[in-house]
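**Student:** sequence first, predicted coordinates after that:
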Amino acid sequence: MYSDRDIAIQVEGVSKHYAIYDQPRDRLKQFIVPRIQRLVGRAPRQYYRDFTALQDVSFTMRRGETIGIIGRNGSGKSTLLQIICGTLTPSTGEVRVNGRIAALLELGSGFNPEFSGRENVFLNGAILGLTREEMEARFDEIAAFADIGDFLDQPVKNYSSGMQVRLAFAVSVCVEPDILVVDEALAVGDEAFQRKCFARIERIKEDGGTILFVNHGAQAVIQLSDRAILLDRGEVLCAGRPKFVVNQYQRLLNVSAGEYDRLRSQIIAAADEERAREVEVGVKGEGEPAKSSDDTTSLSAEPVTRQPSSVTEEGYDPSLTASAVTRLEERGAKITDVRITTLNGAQVNLLQLGKRYRLQYEVEFVQGALQVGAGFGMRTVAGLMVAGASTFLQRKQRLSCVNAGERKLVSFEFTCSLLPATYFVQCGVRGVVSDEEIYLNRVFDVICFRVLPEEESILTGYFDLEVLPALEDIRGF
């Protein structure tokens with residue numbers, strides 16, 4: 001349990017219902033007819049359909065925490081943020097917010113289109129409770145971050161969508177809020193601005209700020225979040241470690257309509273098991289590259305600090321296994337026997353920097369497909385993708401046609417350039433079926449491997465850049 005002063009946002013049993021009218025006149029009928037029917041003792045008739053945007057959503061957000069909300073379109077993410085920010089009223093339930101909240105919700109929200117950008121900056125500051133003197137002290141920083149030049153003194157109605165989001169985000173992050181709430185609106189900006197925004201979010205996070213954001217990008221959720229929430233059909237389907245939640249989200253994105261309800265039940269059951277596991281072993285930190293070969297977060301394996309008798313000469317430790325494989329629905333193919341081998345064919349999971357290896361897996365096709373490509377990815381313990389390849393990206397690398405019943409061996413030869421840490425492997429097969437490009441099968445965290453530490457290494461991060469350091473006297477001065 002958290003004390004009140006440790007809580008930034010408390011959401012308890014929040015639901016949001018909307019009345020959907022098929023015709024405009026039904027709205028008038030609903031206003032008049034049921035009242036008359038009650039007066040004459042008849043059961044009132046309903047002229048609308050009830051749409052549930054959110055259903056009994058509850059969660060607690062601690063101060064200094066970053067939570068990412070993920071889900072398909074229409075799952076209720078933006079509705080939830082608007083209720084938390086006070087721009088929507090819940091039908092039932094309660095939201096408590098402790099601290100000043102700055103929000104970047106839908107495009108242009110909080111701006112008067114007739115006012116200039118400069119005037120809107122001060123208007124937003126007043127809404128947030130800042131004095132004009134406080135906003136003047138921050139104005140230069142806001143203008144520099146937005147970087148829209150002379151348009152700052154033009155009416156906002158003349159702005160492009162990108163300029164609006166630049167100014168809105170600049171105001172949100174430069175007023176030093178207690179809580180920052182960001183919707184998917186950041187996707188409007190160009191790549192350079194998006195990177196600038198994420199860098200500022202990371203700085204706010206490092207400074208102990210509280211951040212709640214919605215993003216469809218799995219990597220952004222994994223990289224920035226301490227916890228993640230998966231919303232679907234207005235309900236919290238699961239919550240917890242970003243890597244686990246994102247894996248369940250990927251399963252939802254790739255499931256067929258006929259299997260959707262069954263998969264939802266599986267995800268709810270998996271979430272219960274995840275919570276039980278966290279209670280048993282405690283939630284371990286995520287998000288940083290492993291510091292040594294002893295990092296076994298999320299693995300059912302013992303640390304490998306020496307060469308025990310069970311490890312093969314080539315470098316295979318049978319105790320180093322992935323504990324939570326996530327398999328997406330098979331839609332025409334099945335991936336099996338994923339392994340990393342030496343060039344001589346010996347299976348390994350303890351790799352050495354600079355050596356060549358093969359990643360291999362078998363694919364059984366249960367139905368025919370066109371333009372078939374295969375790929376793999378390597379992810380950190382926290383779920384951040386750091387390397388991979390896909391033949392589907394190059395048409396000449398695809399198989400033009402694969403028939404039902406065929407089996408293929410997929411093989412990628414690579415040089416291990418990853419620095420010492422534990423990594424997980426994901427694999428996928430993609431093709432064209434009935435004129436639609438789909439994943440025929442995909443598996444996440446199917447195997448794991450460890451890159452062994454190097455003696456007297458100066459390298460940091462994830463990759464070996466073959467650095468040649470130099471520290472010399474400067475001559476000629």
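**Tutor:** Ah, there it is.
**Student:** without its sequence neighbours, what residue ends up closest to residue 344?
**Tutor:** residue 314 (8.0 Å; C-beta to C-beta, 6 or more residues apart in numbering). From N, CA and C alone the C-beta is placed, and that goes for glycine too.
**Student:** show me what contacts that neighbour?
**Tutor:** Taking C-beta atoms under 8 Å, 6 or more residues apart in numbering, we find residue 314 in contact with 342, 344, 346, 347, 348.
**Student:** distance check, residue 121 against residue 140.
**Tutor:** Taking C-beta to C-beta, to the nearest Å as the measure, residue 121 falls 11 Å from residue 140.
**Student:** which residue packs closest to residue 376, ignoring adjacent ones?
**Tutor:** Counting by C-beta to C-beta, 6+ apart, the residue nearest residue 376 is residue 427, at 4.9 Å.
**Student:** the one you found: neighbouring residues, count only.
**Tutor:** Look at residue 427: counted by other C-beta atoms under 10 Å, it has 23 neighbours.
**Student:** name the SS class of it, please.
**Tutor:** Secondary structure for residue 427, judged by DSSP: H, G, I helix; E, B strand; the rest coil, is strand.
**Student:** what residues are bridge-paired with it?
**Tutor:** Note on residue 427: beta-bridge partners by DSSP bridges are residue 376, residue 443.
**Student:** and if you look at residue 213?
**Tutor:** With beta bridges defined as DSSP bridges, residue 213 has these partners: residue 68, residue 182.
**Student:** check contacts around it.
**Tutor:** 66, 67, 68, 69, 180, 181, 182, 183, 201, 224.
**Student:** change it to 10 Å
**Tutor:** 66-70, 77, 81, 104, 180-184, 186, 201, 220-221, 224-225 (C-beta atoms under 10 Å, 6 or more residues apart in numbering).
**Student:** go on, residue 210?
**Tutor:** Going by C-beta under 10 Å, 6+ apart, residue 210 touches 8-9, 61-67, 98-99, 101, 177-181, 204.
**Student:** buried sites along stretch 85-102?
**Tutor:** 85, 88, 90, 91, 93, 95, 97, 98, 101, 102 (16 or more other C-beta atoms under 10 Å).
**Student:** mind checking which of the residues you listed land in helices?
**Tutor:** Among those, the ones falling in helices (DSSP state H) are residue 85.
**Student:** could the buried residues of stretch 85-102 go into TSV alongside distance to residue 415 and pLDDT?
**Tutor:** Shown next, in TSV, are the buried residues of stretch 85-102 (distance: C-beta to C-beta, whole Å; pLDDT from 0 to 100):
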residue	distance to residue 415	pLDDT
85	49	88
88	53	90
90	54	94
91	57	94
93	54	94
95	52	94
97	51	92
98	51	90
101	48	87
102	46	82
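**Student:** stretch 442-460: end-to-end distance?
**Tutor:** For stretch 442-460, the first and last residues are 31 Å from each other (C-alpha to C-alpha, to the nearest Å).
**Student:** I'd like the average pLDDT over it.
**Tutor:** Averaging pLDDT along stretch 442-460 yields 90.
**Student:** okay, buried residues for stretch 349-357 please.
**Tutor:** Applying a neighbour-count criterion of 16+ other C-beta under 10 Å, one finds 349, 350, 351, 353, 357 buried in stretch 349-357.
**Student:** correction: stretch 48-63
**Tutor:** 53, 54, 55, 57, 59, 60, 61, 63.
**Student:** and the closest residue to the third one other than its chain neighbours, what pLDDT?
**Tutor:** In space, and not counting its chain neighbours, residue 55 is closest to residue 234: 4.6 Å by C-beta to C-beta, 6+ apart. Per-residue confidence (pLDDT) for residue 234: 93.
**Student:** count the residues that sit near residue 234.
**Tutor:** Residues near residue 234, counting by other C-beta under 10 Å: 23.
**Student:** in this protein, which helix is the longest?
**Tutor:** Criterion DSSP H: the longest helix present in the chain is helix 260-281.
**Student:** how about residues contacting the helix or strand that that helix is followed by?
**Tutor:** The C-terminal neighbour of helix 260-281 among helices and strands, as given by DSSP states H and E, is strand 326-327. The contact list for strand 326-327 (C-beta under 10 Å, 6+ apart) reads 243-244, 246-248, 250-251, 270, 334-335, 426, 441-446.
**Student:** tell me, how many residues neighbour residue 385?
**Tutor:** 14.
**Student:** for it, give the beta-bridge partners.
**Tutor:** Following DSSP bridges, residue 385 is listed with bridge partners residue 379.
**Student:** measure it to residue 449 for me?
**Tutor:** Counting by C-beta to C-beta, the gap from residue 385 to residue 449 is 15 Å.
**Student:** over to residue 34?
**Tutor:** Distance, residue 34 to residue 449, using C-beta to C-beta: 66 Å.
**Student:** the two - which one has more neighbours?
**Tutor:** When neighbours are counted by other C-beta under 10 Å, residue 34 and residue 449 differ, and residue 449 comes out ahead with 25 against 16.
**Student:** tell me the contacts of the more buried one?
**Tutor:** Residues in contact with residue 449 (C-beta under 10 Å, 6+ apart) are 315-317, 320, 322, 339-340, 348-351, 357, 359, 378, 416, 418, 421-425.
**Student:** give me the phi and psi angles of residue 315.
**Tutor:** phi 120, psi 50 (degrees, to the nearest 10).
**Student:** just checking, it touches residue 355?
**Tutor:** Yes. Taking contacts as C-beta atoms under 10 Å, residue 315 lies within contact range of residue 355: 9.3 Å.
**Student:** which residues do these two both contact?
**Tutor:** Listed as contacting both residue 315 and residue 355 by C-beta under 10 Å, 6+ apart are 342, 348.
**Student:** who are the packing partners of the worst-scoring helix or strand of the chain on mean pLDDT?
**Tutor:** When the helices and strands of the chain are scored by mean pLDDT, DSSP states H and E, helix 191-206 comes last with a mean of 75. If contacts are counted by 3 or more C-beta pairs under 10 Å, 6 or more residues apart in numbering; DSSP states H and E, helix 191-206 sits against strand 66-70, helix 132-146, helix 161-174, strand 179-182, strand 210-214, helix 218-224.
**Student:** any idea which of those is most buried?
**Tutor:** Of these, the one with the most neighbours on average (mean count of other C-beta atoms under 10 Å) is strand 66-70, at a mean of 25.
**Student:** pull the CA atoms of it into CSV?
**Tutor:** Once non-C-alpha atoms are left out, strand 66-70 reads as follows in CSV (Å, rounded to 0.1, in the frame of the first residue of the first chain):
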residue,chain,number,x,y,z
THR,A,66,6.2,6.5,-15.7
ILE,A,67,3.3,4.5,-17.0
GLY,A,68,2.6,3.8,-20.7
ILE,A,69,-0.9,2.9,-21.9
ILE,A,70,-1.1,0.8,-25.0
